[in-house]
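>>> this one's sequence-less:
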């Protein structure tokens, strides 16, 4: 019986992983497509400065006349090898898609004349371009991959030194912008700096989007009723913690649960209905992984007994 249950769970996990991999592949392609669209629609037509591999490609194109997509293809191939060695083969396989898909789709979009005549307003192009680049890179990173090229060094630094991705990405982009300052007028340089600030800000927002949750700790004389209410009515797991009061030194139970931001008002209402004098601590959690969040819910005996979040 136990082996049959284990086999069922393994098959279910396999199906979930397969769906997850397809979803990740779709997000990687989507992110790179947005990035390429931004370059073709806003960056190149308006002569804007750019960071990353694209910025390096613009510089190489200016001095040597090598098309951007060709340079990006070669450079991404090199950085792919670095990513494979440092970040692992699993990461490298997803980066492989980005490293070659981005320059290909960039070349395809460059061959569509209508895309290069969207706007001649440099400020509008800077804001829209920055938004698309930040969204594109953010979507790819959230899928556990990279757009390749100069996106890989910040991930390496983050892995070994915990330097925020946006900080190191900003620093590298500034260096690449300096390379383009030499042959560009001051006004265009300022637009380039603004572009980097816009897309790094959007990148941070995309990386945090939808991942924040709320941690709720409840101290009450009605812990069992609260536990059952959260399990049955909110459909969230709970964990029972044991504490001791600092004044009377009485042992007490604490109900711990992780809920979505939308579910918080419902939880608060339930608790007030059960015990108006309940002591509740609400904290923001930046990320939660596990059953019910990054994995689908399983309604086994453990969940019924409330032993898992």
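All right, it came through fine. Note that the coordinates shown come from a computational prediction; the quantities given were computed from them, not determined experimentally.

>>> which stretches of the protein have low pLDDT?
1-20, 91, 94, 210-211, 286-309 (pLDDT under 70).

>>> pop the domain breakdown of it in here.
Following automatic domain parsing, the chain resolves into domains at 2-208, 213-304.

>>> next, format those as a markdown table and append mean neighbour count.
C-beta coordinates here come from the backbone N, C-alpha and C atoms, glycine included. Listed next are the domains of the chain as a markdown table, based on neighbours: other C-beta atoms under 10 Å:
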| stretch | mean neighbour count |
| --- | --- |
| domain 2-208 | 18 |
| domain 213-304 | 15 |
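
>>> what does the residue lying farthest from the centre of the chain show for phi and psi?
Here the chain reaches farthest from its C-alpha mean at residue 248, the gap being 45.6 Å by C-alpha atoms, centre = their mean. Phi and psi for residue 248, reported as degrees, to the nearest 10, are phi -90, psi -10.

>>> now do the same contact list for it.
Residues near residue 248 by C-beta atoms under 8 Å, 6 or more residues apart in numbering: none.

>>> kindly report the same for residue 151.
Residue 151 neighbours (C-beta under 8 Å, 6+ apart): 52-53, 137, 140-141, 169.

>>> quick one: residue 258 is in a strand?
Yes. Checked against DSSP: H, G, I helix; E, B strand; the rest coil, residue 258 lies within a strand.

>>> isn't it right up against residue 214?
Yes. Using C-beta atoms under 8 Å, residue 258 makes contact with residue 214 at a distance of 7.1 Å.

>>> verify the contact between residue 200 and residue 171 for me.
No. Applying C-beta under 8 Å as the test, residue 200 and residue 171 come out as separate, 10.3 Å apart.

>>> tell me where the protein has helices.
Ranges of helices in the chain, per DSSP state H, are 2-38, 52-64, 68-87, 89-110, 122-142, 152-161, 165-181, 186-208, 223-229, 264-274, 301-304.

>>> so for residue 282, which of those sits nearest?
Closest to residue 282 of the helices of the chain, according to C-beta to C-beta: helix 264-274, at 7.0 Å.

>>> and the residue lying closest to residue 239 once chain neighbours are set aside, how close does it get to residue 67?
The shortest distance from residue 239 to any residue other than its chain neighbours is 4.6 Å, reached at residue 256 (C-beta to C-beta, 6 or more residues apart in numbering). Distance from residue 256 to residue 67, counting by C-beta to C-beta, to the nearest Å: 57 Å.

>>> on that earlier part again, okay, and the common contacts of residue 258 and residue 214?
residue 285.

>>> contacts only, for residue 129.
38-39, 41-43, 48, 195, 198-199.

>>> cutoff 10 Å now
Shown in contact with residue 129 (C-beta atoms under 10 Å, 6 or more residues apart in numbering): 37-39, 41-46, 48, 50, 119, 122, 191, 195, 198-199.

>>> what separation do you get for the nearest residue to residue 169 once chain neighbours are set aside and residue 52?
In space, and not counting its chain neighbours, residue 169 is closest to residue 154: 4.6 Å by C-beta to C-beta, 6+ apart. From residue 154 over to residue 52 the distance is 10 Å, taken as C-beta to C-beta.

>>> anything in contact with each of these two?
With C-beta under 10 Å, 6+ apart as the test, residue 154 and residue 52 both reach 169, 172-173.

>>> which of those residues lies closest to residue 226?
residue 169 (44.0 Å).

>>> surely that closest one meets residue 200?
Yes. Using C-beta atoms under 10 Å, residue 169 is in contact with residue 200, at 6.2 Å.

>>> show me whatever sits in contact with both of these two.
By C-beta under 10 Å, 6+ apart, the residues touching both residue 169 and residue 200 are 51, 137.
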